[in-house]
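Engineer: got a structure for you, letters missing:
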């Protein structure tokens, strides 16, 4: 586990690299419309497949009625984005308010964990050929406080351990709470090892300090934050590098960024999904839940 000066150096290098990439490319990029209407909002996203001129993503919808919960979107160059809703597992009741989704590291790109706002996790397998998912197991996050409202969940293989990180969103003056621990998929159990409060400098007002997160293979944690004034906006959002997860001895530990720098911001969209796309044509991709205004995706620094 790096000491504090090393940690700050790591974060500074990562932030500088991201800012340079964005300054070179992002201004030429466009938001891709996904679908219109309040039932089409993106609450989480996970990479499915990446090719030279196309990108497939699995997205979650935070719906509560008889509407789609998961869908696949395909971005192919400048063409119209393709949207394919998926059928939920027939033996499992439809989840209420799915807010996050992560692929399971070390497995094929067909297994994922989705999380509802109440803290219920759904470990499932995707069958793209039949446009269905099969829930393998339902389980709950550990030690859920009363009144929790979770909006973020991520998984990563760090030093050979399957590390989970999740967050309550916070609101206004109430900070978000980040939790982390180690996931044992043979027992479907997360052993929690810590938590921390976090507040972002932007947006302000009715802000959700964490609306989604992802962690990269070296433990750098990216978060999104969003202002939600109502179903018709206007919305504001930002992307941050929040901190670093790594092992100190045999225990996973969190090192929070003491100086949060927005690496991207918008005054027009409510970002609720984020994914990290590796490679020369990759970048940080975000998805929105713009309520009555539908949903969009945007690739920061990408070439799509």
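Structural biologist: Alright, I've got the coordinates. Here the structure is a predicted model, which is why all the values come from computation and not from measurement. Numbers count the residues shown, from 1 in each chain.

Engineer: Let me know whether residue 85 touches residue 63 as I believe.
Structural biologist: No. Checked against Cβ atoms under 8 Å, the pair residue 85 and residue 63 is beyond contact range at 10.8 Å. Yep, even glycine has a C-beta here, placed from its N, CA and C like the rest.

Engineer: more crowded one of those two?
Structural biologist: Neighbour tally, residue 85 and residue 63, criterion other Cβ atoms under 10 Å: the higher count belongs to residue 63, 19 against 16.

Engineer: Let's verify the more buried one: helix, strand, or coil?
Structural biologist: Applying DSSP: H, G, I helix; E, B strand; the rest coil to residue 63 yields a three-state assignment of coil.

Engineer: leaving aside the residues next to it on the chain, what's closest to residue 158?
Structural biologist: residue 219 (5.4 Å; Cβ to Cβ, 6 or more residues apart in numbering).

Engineer: Could you pull up the residues touching the one you found?
Structural biologist: 156, 158, 163, 244, 245, 246 (Cβ atoms under 8 Å, 6 or more residues apart in numbering).

Engineer: repeat that with 7 Å
Structural biologist: When contacts are counted by Cβ atoms under 7 Å, 6 or more residues apart in numbering, residue 219 touches 158, 244, 245, 246.

Engineer: Looking at those, spot the one nearest residue 256.
Structural biologist: The nearest member of the contacts of residue 219 to residue 256, counting by Cβ to Cβ, is residue 244 at 8.2 Å.

Engineer: Give me the distance between residue 57 and residue 220.
Structural biologist: 21 Å (Cβ to Cβ, to the nearest Å).

Engineer: ok, now residue 210?
Structural biologist: Residue 210 is 15 Å from residue 220, by Cβ to Cβ.

Engineer: Also residue 129?
Structural biologist: Residue 129 is 35 Å from residue 220, where distance means Cβ to Cβ.

Engineer: So for those two, which sits in the more crowded spot?
Structural biologist: residue 220 (22 against 6).

Engineer: For that one, give me phi and psi.
Structural biologist: Here is the backbone geometry of residue 220 (degrees, to the nearest 10): phi -80, psi 130.

Engineer: What's opposite it in the beta bridge?
Structural biologist: Assessed by DSSP bridges, residue 220 has beta-bridge partners residue 244.

Engineer: is it true that it touches residue 240?
Structural biologist: No. When contacts are counted by Cβ atoms under 7 Å, residue 220 is not listed as touching residue 240 (11.0 Å).

Engineer: All set now, cheers.
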